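Asker: Structure of the sequence below:
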Amino acid sequence: MAPSRGALMAVAAVAAATVTVAACDDSGTGHTNGSETSRSSVSSPSASPKPSPTRSYPLSKRPRTIPSVREHTSARGPGWQPGKDSAVVIGKGDKVLADEGRLLAGELKIRYGGEVEAGAGDVELALNPKDRGGPESYALRTRDGRVTISGPGEAGVFYGTRTLKQSLRADGKMPEGEVTDRPGRPQRGLNLDIARKHYTAGWIEDRLRSMADLKLNQLGLHFSDDQAFRIASDTHPEVVSPEHLTKAEVRHIVALARRLHIEVVPEIDSPGHLGAVLRAHPDLQLYNVSGVPSKGSLDISKPGAAKLLDELLGEYTELFGGAFWHLGADEYQALTVRDPAASYPQLQRAAVKKYGAEAGIEDLATGWLNDRAAVVRPHGMKPKAWNDGLFRDSTVRADKDIEIEYWTGKEYGARPPEQYLSEGYKMLNLNDEYLYYVLGQPNAFVYPTGKRIYEQWTPLVLRGTSPVPAKYSDQILGGRFAVWGDFPNAQTAAQVAEGIRMPLRATSQKLWDPDKPALSWDGFKALANEIDQR
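Answerer: Okay, here's the model as predicted:
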């Protein structure tokens, strides 16, 4: 959570059907890594070289991409670059790849040919359900003056087009041979606090395009907090802040994300961090026994509290759709005092009434989390929560299908990640030691450059700097780099975009490829700078 809140190797048959690509409106930034080869501009295609029986070619080198490809089989040949007669085509029966094909054609400034047989100099995209890799895996073959990209799912084909685009940007061509590639973790992304700092829809869409080129597939949107509530509401317009996203803008963001194979993960944090909502509903504000308000905290002993939250959840689950909903659950202030029952007797009475004489406020808060999870599940959304919202000593246990997003070990309720893992929970890594970009740098936070992520962090490093045992690896679903707006005016939106550029690339590399990066950090930066200049 925000610090101010408390402080597949896809083994695809080389000759298999070519694969499709998911399309977006504009091109993003691509990246590559490896050794130096000849350069030519993607925007100025030249004639595609043709193999010659009288000419000898050296063995090709691995394409340079960010993240790096998992496997490349070298071959002798000229590789591929777009020529004046080149086109992007899709396999027969693969019309679902039309968006991907049109996007790639526009980026490479060549013709989109549609569902026709590939010719000399073409790029062919095709689905191959028989490929054994996961849905994000792909194979990319460069041979006989053409490129084929195939995979079992649209996302994998799309990622193959990102590899092609990045290689062309880095070196002016796609090396001869075959790439087989897949991500190391299924969830990879960026978390964005749009509650404390307002970002325009256009700025968010630019981040989506950049993320897509980095093969990131998840954007977390934290849009409600003590400072503001940033998306228009029909059920409760009174809670919405003056600067906000309209529903039309949100629908456009979600639609673009889907074309780029990115899941948007919305978050309304509760029962804490609700100051903006409570300003419009002061009757639901939590007070202690002395009549002092608890900052941003909802009095969950009041029946109206659940009604309000569930109406908002119902509205926004319909707006966003998708696979996930983040329920927050962190830093409920009633549980940060020395004697919660004495300070908040109304919560203690509600806990006993609902869960029995031995129950406490931790049980009431856990029950609140489970009840909100029950609201989002019927919409087909898997619930998520911050790690410090699940308590060690509560009698009521958080539902096992709630994915735990681990951000800190410093807050009340936070436990070592091994405790959650040993109980069978699945987790996502948002380790605040490495993955937090906090505007204003409060509480000893510093803006990460990406170097420590690249050189030290792995998905197993959930808390601090030490990894959890490898036996838990399958329970760690991936991670997100997080931007928090503690001091929103500390940086402009443009400065944020530039500041997170390299950390996001480092995060992408470490979530896609589990092996130690081949490039040094300086080499990695140089490659990113080289590609971004094109």
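Asker: Which stretches in the chain count as helices?
Answerer: 98-108, 154-171, 201-213, 247-259, 275-280, 303-320, 340-343, 345-355, 361-376, 417-422, 451-455, 493-499, 501-512, 521-532 (DSSP state H).
Asker: can you give me the strands for the stretch 101-250 of the chain?
Answerer: 111-114, 123-127, 138-143, 146-151, 177-181, 187-193, 218-224 (DSSP state E, counting those that start in this stretch).
Asker: right, and those - which one's nearest residue 65?
Answerer: When the strands of the stretch 101-250 of the chain are compared by Cβ to Cβ, strand 177-181 sits nearest residue 65, at 8.9 Å. (Glycine included, C-beta is placed from N, CA and C.)
Asker: what sits up against that closest one?
Answerer: For strand 177-181, contacts defined as Cβ atoms under 8 Å, 6 or more residues apart in numbering pick out 9-12, 14, 60, 63, 69-75, 77, 133, 137-143, 159-160, 163.
Asker: partners of it in the sheet?
Answerer: In the sheet, strand 177-181 lines up against strand 71-73 (antiparallel), strand 138-143 (antiparallel) (DSSP bridges).
Asker: Report the residue spans of the stretch 51-200 of the chain with pLDDT below the cut-off.
Answerer: For the stretch 51-200 of the chain, the stretches with pLDDT under 70 are 51-55.
Asker: Now with 90, please.
Answerer: The stretch 51-200 of the chain contains residues with pLDDT under 90 at 51-56, 129-133.
Asker: what's the closest residue to residue 313 other than its chain neighbours in contact with, if anything?
Answerer: Using Cβ to Cβ, 6 or more residues apart in numbering and skipping residues adjacent in sequence, the residue nearest residue 313 is residue 375, 4.9 Å away. For residue 375, the contacting residues are 310, 313, 314, 317, by Cβ under 8 Å, 6+ apart.
Asker: cool, residue 257 as well?
Answerer: Residue 257 touches 208, 219, 263, 264, counting by Cβ under 8 Å, 6+ apart.
Asker: Which residues does the third one form beta bridges with?
Answerer: Beta bridges link residue 263 to residue 218 when assigned by DSSP bridges.
Asker: Not counting its neighbours along the chain, what's nearest residue 348?
Answerer: Spatially, and ignoring its direct neighbours in sequence, residue 348 is nearest to residue 341 (4.1 Å; Cβ to Cβ, 6+ apart).
Asker: tell me the pLDDT at that neighbour?
Answerer: For residue 341, the pLDDT comes out at 97.
Asker: That one contacts residue 361, correct?
Answerer: Yes. Using Cβ atoms under 8 Å, residue 341 is in contact with residue 361, at 6.5 Å.
Asker: Quickly list what's touching both of those two.
Answerer: Contacts common to residue 341 and residue 361, judged by Cβ under 8 Å, 6+ apart, are 347, 348.
Asker: So for these two, which residue has more residues nearby?
Answerer: A count of neighbours by other Cβ atoms under 10 Å puts residue 361 above the other of residue 341 and residue 361, at 25 against 15.
Asker: isn't the more buried one right next to residue 335, touching?
Answerer: Yes. Counting by Cβ under 8 Å, residue 361 does reach residue 335; the two are 6.1 Å apart.
Asker: now stretch 211-224: how far from the chain's centre is it?
Answerer: Mean-position distance between stretch 211-224 and its chain equals 4 Å (Cα atoms, centre = their mean, to the nearest Å).
Asker: Dump it to CSV, keeping only the CA atoms.
Answerer: Extracted in CSV, the C-alpha atoms of stretch 211-224 (Å, rounded to 0.1, in the frame of the first residue of the first chain):
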residue,chain,number,x,y,z
MET,A,211,3.7,-1.1,-20.7
ALA,A,212,2.6,-3.1,-23.7
ASP,A,213,5.9,-2.8,-25.4
LEU,A,214,7.5,-4.1,-22.2
LYS,A,215,5.1,-7.1,-22.1
LEU,A,216,3.5,-5.9,-18.9
ASN,A,217,-0.1,-7.0,-18.5
GLN,A,218,-1.5,-5.3,-15.4
LEU,A,219,-2.4,-1.7,-14.4
GLY,A,220,-3.5,-1.1,-10.9
LEU,A,221,-5.6,2.1,-10.4
HIS,A,222,-5.9,3.3,-6.8
PHE,A,223,-8.6,5.9,-7.4
SER,A,224,-10.0,6.6,-3.9
